[in-house]
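In: mind folding the following:
(one chain, ligands or ions: 1)
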Amino acid sequence: MIRAAIVGIGGWGRNLVAAVQGRSEQIRFVAGATRTPEKAADFCRQHGISLAASYDELLADRAIDAVVLATPHSQHCEQIIAAARAGKHVFVEKPLGLVAVGYNWRFQPALVEARRMLEDARLGKLLHIEGNFCGPSAYRFAREHWRHDPAEVPAGGMTGRGVHVVDAMLYLAGSPIGSVFAQSDRLVHDFGVDDTTSVLFRLRSGATAYLGTVIATAETWRLQIFGSKGWVQVGDVEHLHTWELQRCFIDPQDVTRKQRPELVTFPKTSTERAELEHFAKAAAARRPLAVPGGDEVHNVAVLEAIVRSAREGARIHL
Ligand SMILES: NC(=O)c1ccc[n+]([C@@H]2O[C@H](COP(=O)([O-])OP(=O)(O)OC[C@H]3O[C@@H](n4cnc5c(N)ncnc54)[C@H](OP(=O)(O)O)[C@@H]3O)[C@@H](O)[C@H]2O)c1
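Out: So this is what the prediction gives:
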């Protein structure tokens, strides 16, 4: 059992705790630290988590094996370095780095199946991926909230939402991204971050992809993956993940005959629990999860290229 501490007990930190507390034999949250402890006191009491006075106090506690960072983006780097110095395993919320990063979409059974269909050639050669991840984030937070700060949230919905779609593209395609062309604008508010961002990608494999992330509209996400034998589609409006997949294949006997998509369903799982147990198993075995040059690092390079492309109005090669 990995004894973990939650750092940053806001919306997502609480979600991560609730996904495993009392339900997992691999990881348990025993302690926590957050900027305003009064706001988190009731939650910690309910979940048997002792609140430390500071992050440094947590790091000095030898009864804690791992820290799970769910703090604003600009703090991740310093907090990771401090935790590594203190000899703790580190799980960090996206977007970032060379540690276990919170890309929970990889644990959706429907996306795992879509990747399997590319690997075993049921979908044929990967040609194109369309993705979007949108919602009303721009309306949810008060003006002074960190999510309205362009330094924390460059290229609008990219850090909060779009990075998940890019990670899914990398996971599905098994190929790095070669170039990006991005447009990003603020069309609704007269303050804060961009609300309408779109990107064209060319993968090194030759496949193409595009992504839209609009954070001043209703909630939705969708990925449609086109291969030379057919397509699959996943997405939802209510949940951050799905347990359904639609698939549609060309009839090799008669390519002109239109096919109805078939719906495949999967058992409901918690992607947050799956990602934290995956982390706990690796920590217990002292096995690194991310490797130099892996998708986590490439995703950061892609994000930086998107920010630059939107600023310069030019295609950026990675
Ligand atoms: N994987 C996903 O689907 C997903 C979904 C949502 C968010 N996230 C990620 O989760 C992270 C947190 O986002 P959120 O939506 O939970 O934000 P949030 O609700 O604003 O929570 C952030 C928390 O961090 C605390 N905090 C701020 N500075 C701190 C510091 N120096 N030390 C310790 N705690 C500090 C805040 O304290 P106060 O209470 O004082 O403000 C708050 O409790 C981000 O990286 C985000 O991208 C991931």
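In: now do the SS call for residue 233.
Out: Of the three states, residue 233 takes strand under DSSP: H, G, I helix; E, B strand; the rest coil.
In: so who does it touch?
Out: 222, 223, 224, 225, 245, 246, 247, 261 (CB atoms under 8 Å, 6 or more residues apart in numbering). C-beta: built from backbone N, CA, C; applies to glycine.
In: what about the third one, which SS state?
Out: If I follow you right, that is residue 224. Classification of residue 224 using three-state DSSP returns strand.
In: shouldn't it be in contact with residue 127?
Out: No: in this structure, residue 224 is not within contact of residue 127 by CB atoms under 8 Å, at 11.3 Å.
In: which of the contacts of residue 233 sits closest to the ligand?
Out: Minimum distance to the ligand across the contacts of residue 233 is 14.8 Å, recorded for residue 223 (CB to the nearest ligand atom).
In: show me what from the stretch 1-150 of the chain comes close to the ligand.
Out: Within the stretch 1-150 of the chain, the positions adjacent to the ligand are 7-13, 33-36, 39, 55, 70-73, 75, 93-94, 102, 104 by CB under 6 Å from any ligand atom.
In: the stretch 201-318 of the chain now?
Out: residue 240.
In: quick one, helices of the stretch 201-318 of the chain?
Out: Here the stretch 201-318 of the chain has its helices, by DSSP state H, counting those that start in this stretch, at 271-284, 295-312.
In: what's the closest of the ones you listed to residue 185?
Out: helix 295-312 (8.4 Å; CB to CB).
In: C-alpha coordinates for that closest one, CSV please?
Out: Presented in CSV, the C-alpha positions along helix 295-312 are these (Å, rounded to 0.1, in the frame of the first residue of the first chain):
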residue,chain,number,x,y,z
ASP,A,295,5.0,11.2,-24.8
GLU,A,296,4.8,13.3,-21.6
VAL,A,297,7.8,15.4,-22.8
HIS,A,298,6.7,15.5,-26.4
ASN,A,299,3.3,16.8,-25.3
VAL,A,300,4.9,19.7,-23.6
ALA,A,301,6.9,20.5,-26.8
VAL,A,302,3.7,20.3,-28.8
LEU,A,303,1.9,22.7,-26.4
GLU,A,304,4.8,25.1,-26.6
ALA,A,305,4.7,24.9,-30.5
ILE,A,306,0.9,25.5,-30.4
VAL,A,307,1.4,28.7,-28.2
ARG,A,308,4.1,29.9,-30.6
SER,A,309,2.2,29.1,-33.8
ALA,A,310,-0.9,31.0,-32.5
ARG,A,311,1.3,34.0,-31.6
GLU,A,312,3.3,34.1,-34.8
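In: the residue nearest to residue 129 when sequence neighbours are not counted - how many residues pack around it?
Out: Once flanking residues are discounted, residue 129 sits nearest to residue 209: 4.1 Å by CB to CB, 6 or more residues apart in numbering. Counted with other CB atoms under 10 Å, the neighbours of residue 209 add up to 25.
In: right, and residue 209 touches residue 130 too?
Out: Yes: here residue 209 reaches residue 130: they are 7.2 Å apart, a contact under CB under 8 Å.
In: what residues are shared contacts of these two?
Out: Counting by CB under 8 Å, 6+ apart, nothing touches both residue 209 and residue 130.
In: circling back: quick one: residues contacting the residue nearest to residue 129.
Out: Here residue 209 is in contact with 128, 129, 130, 131, 169, 173, 177, 200, 201, 203 (criterion: CB under 8 Å, 6+ apart).
In: then residue 193?
Out: By CB under 8 Å, 6+ apart, residue 193 lies in contact with 138, 147, 148, 149, 150, 153, 154, 156, 186, 215.
In: quick one: which of the residues you listed sit in helices?
Out: residue 138 (DSSP state H).
In: derive a PyMOL selection command for the buried subset of the contacts of residue 193.
Out: To isolate the buried ones among these in PyMOL, judged by 16 or more other CB atoms under 10 Å, type:
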select buried, resi 138+147+148+153+154+156+186+215
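In: chain center to stretch 53-62: distance?
Out: 27 Å (CA atoms, centre = their mean, to the nearest Å).
In: can you show me the CA trace of that stretch as PDB?
Out: Coordinates of each C-alpha in stretch 53-62 appear next as PDB, following Å, rounded to 0.1, in the frame of the first residue of the first chain:
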ATOM      1  CA  ALA A  53       0.700  23.000   8.000                       C
ATOM      2  CA  SER A  54       2.900  23.200   4.900                       C
ATOM      3  CA  TYR A  55       4.200  21.300   1.900                       C
ATOM      4  CA  ASP A  56       7.600  21.300   3.500                       C
ATOM      5  CA  GLU A  57       6.200  19.600   6.600                       C
ATOM      6  CA  LEU A  58       4.700  16.900   4.300                       C
ATOM      7  CA  LEU A  59       8.000  16.300   2.600                       C
ATOM      8  CA  ALA A  60       9.800  15.900   5.900                       C
ATOM      9  CA  ASP A  61       7.300  13.200   7.000                       C
ATOM     10  CA  ARG A  62       8.900   9.800   6.500                       C
END
